[in-house]
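K.L.:
need a 3D model of the sequence below.
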Amino acid sequence: RTADRICASRRARLRSSRRTVSCRRLFLVYPFYFLKTHKQIAINGLFGKLFLLQVPRQVLIVPDKFKGSLPAREAAEAIACGWAAACPGDTLSLLPMSDGGDGFGAVMASALSLEEQVFKGINAAGQSRQAAWWLDAESGQAVVESAQSSGLALLPRGRFHPFDLDTRGVGTLLLAVGQGGATQCLVGIGGSATNDGGFGMARSLGWMFRDLRGKAIDRWCELDCLVSIQAPTKQTWPRVRGASDVQNPLLGIDGATRVFGPQKGIRPGDFAKADACLGRLARVAAEMLGTDFSVTPGAGAAGGLGFGMMAFAGAAIEPGFDVFANATNLETKIGEADFVVTAEGAIDEQTLMGKGTGQVAKLCQRLGKPCIGLAGQLTLGKAQGNPEDVLFYRLAAIVPDLAGEREAMADAATHLERLANQEARLSTFNT
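P.N.:
Below you'll find the predicted structure:
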């Protein structure tokens, strides 16, 4: 079994006690009581003692990444290992998830059976790097992860200000994908270091941005002087669909700068300048194109790359979770499961704003399936009885009960395995 193979090298670190029922007592016990899930049979035996027979369950494991510490695939394997040690009779199905951010390419490539390609591109600071993308040469279907070029994880923490970063690497990657034979491209939008509204990408695709004197603008933080935009003479990139992990607009209190900018290094004192530049870009683009893409859900994703892809690459932006769910037939898989386990680094308010774990829980709620949410840290506050907590059958976190934050980040797999083991044991009694 998959779980046995995954856990073979980890069993020495995790001890589990397995309950057994002797044959002698099995034939003498009376009466039988079926628990509410019909997955366990309680047997009231001699001397009033209670024994449990565990009937195998179908468990679907659908985790997202633990940002900065654990890719989705490794998170799924750690959960499977912990669960299998506690409930060895359960059948585990692993389905690593990505809704558009880091890891989207590998997850979707696996789901669509695509071959990895390598391109020598640049990161958000203009430094050379090898970027992966994925292709089905027969159909022309490609998958690109924008974080492979403009990802925050690719840069040293705190070294670059977002005013000095852009998405040129995403544009050059799209051109390379077109030259590589792709006719249609699915782009995961998330995990970015940038806040340029897709300006750098557009320049790579051949768009020109000019100020009042007709001078070309080459830094996005000068876009508050933008007067005109000139389209490229021909399109040399494939047809694009964007998968966004958030539904925020480009501008305003819920926009790219104020919601996601601080985690990239944009300070409150930078907000006015950044939004003035993006606002001017949106207005001039709307005048030229006849459509204001800045208010479209997902426009604020990846520092406004969602907006740029719609305005300058002709992309349609879709919720990343929907893309993943359709490609993997997720609804059917959940319908066939007895338990669903989802997980991510932090389950918080953003979980309810289109993030994958929240969407998995909502789908489980609709289908009447119990969903356990595991996290590195948990801030939804289930003890306060918030309405969103009804989405999850149970919520549990590594920090602070199993480890401190630093310890959890240093060895996330081991602690996640322990957490899954703990929750699996609880699931046998509280279902």
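
K.L.:
alpha carbons only for contacts and neighbour counts from here, please
P.N.:
OK.

K.L.:
can you name the next helix or strand after the helix or strand hosting residue 241?
P.N.:
Per DSSP states H and E: residue 241 is located in strand 239-244. Counting by DSSP H and E, the next helix or strand C-terminal to strand 239-244 is helix 256-260.

K.L.:
off-centre distance for that following helix?
P.N.:
18 Å (CA atoms, centre = their mean, to the nearest Å).

K.L.:
show me where the stretch 251-400 of the chain has helices.
P.N.:
Ranges of helices in the stretch 251-400 of the chain, per DSSP state H, counting those that start in this stretch, are 256-260, 271-289, 301-312, 320-328, 330-336, 356-367.

K.L.:
so which of these comes closest to residue 178?
P.N.:
Nearest of these to residue 178, taken as CA to CA: helix 301-312 at 15.4 Å.

K.L.:
quick one: buried residues of that closest one?
P.N.:
Neighbour-count burial for helix 301-312, counted by 16 or more other CA atoms under 10 Å, picks out 301, 302, 303, 304, 305, 306, 307, 308, 309, 310, 311, 312.

K.L.:
quick check: the second one touching residue 187?
P.N.:
No: with contact defined as CA atoms under 8 Å, residue 302 and residue 187 do not form a contacting pair (11.6 Å).

K.L.:
residue closest to the middle of this structure?
P.N.:
residue 98 (3.6 Å; CA atoms, centre = their mean).

K.L.:
tell me the secondary structure at that one.
P.N.:
What DSSP: H, G, I helix; E, B strand; the rest coil gives for residue 98 is coil.

K.L.:
for it, give me its contacts.
P.N.:
64, 65, 72, 104, 107, 108, 320, 321, 324, 356 (CA atoms under 8 Å, 6 or more residues apart in numbering).

K.L.:
swap the cut-off to 7 Å and go again
P.N.:
Applying CA atoms under 7 Å, 6 or more residues apart in numbering, we find residue 98 in contact with 64, 104, 107, 324.

K.L.:
tell me the most buried of the helices of the stretch 251-400 of the chain?
P.N.:
helix 301-312 (a mean of 29; mean count of other CA atoms under 10 Å).

K.L.:
could you give the mean pLDDT of that one?
P.N.:
The average pLDDT for helix 301-312 rounds to 97.

K.L.:
got it, and stretch 120-136?
P.N.:
On average, stretch 120-136 scores 96.

K.L.:
end-to-end on it?
P.N.:
End-to-end span of stretch 120-136 (CA to CA, to the nearest Å): 20 Å.

K.L.:
for it, the distance to its chain's centre please.
P.N.:
20 Å.

K.L.:
residues making contact with that stretch?
P.N.:
Stretch 120-136 has contacts (CA under 7 Å, 6+ apart) with 105, 109, 114-119, 141-144, 148-150, 165-167, 169, 172-173, 193-194.

K.L.:
low-confidence ranges, the chain, go.
P.N.:
Within the chain, the stretches with pLDDT under 70 are 1-54, 353-354, 381-389, 429-431.

K.L.:
can you mark which positions in stretch 58-70 are buried?
P.N.:
So for stretch 58-70, counting by 16+ other CA under 10 Å, buried means 58, 59, 60, 61, 62, 63, 64, 65, 66, 67, 69, 70.

K.L.:
export those to CSV and tack on distance to residue 330 and secondary structure?
P.N.:
Listed next are those as CSV, based on distance: CA to CA, whole Å; DSSP: H, G, I helix; E, B strand; the rest coil:
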residue, distance to residue 330, secondary structure
58, 14, strand
59, 13, strand
60, 10, strand
61, 11, strand
62, 9, strand
63, 13, strand
64, 14, coil
65, 17, coil
66, 21, strand
67, 23, coil
69, 25, coil
70, 22, strand
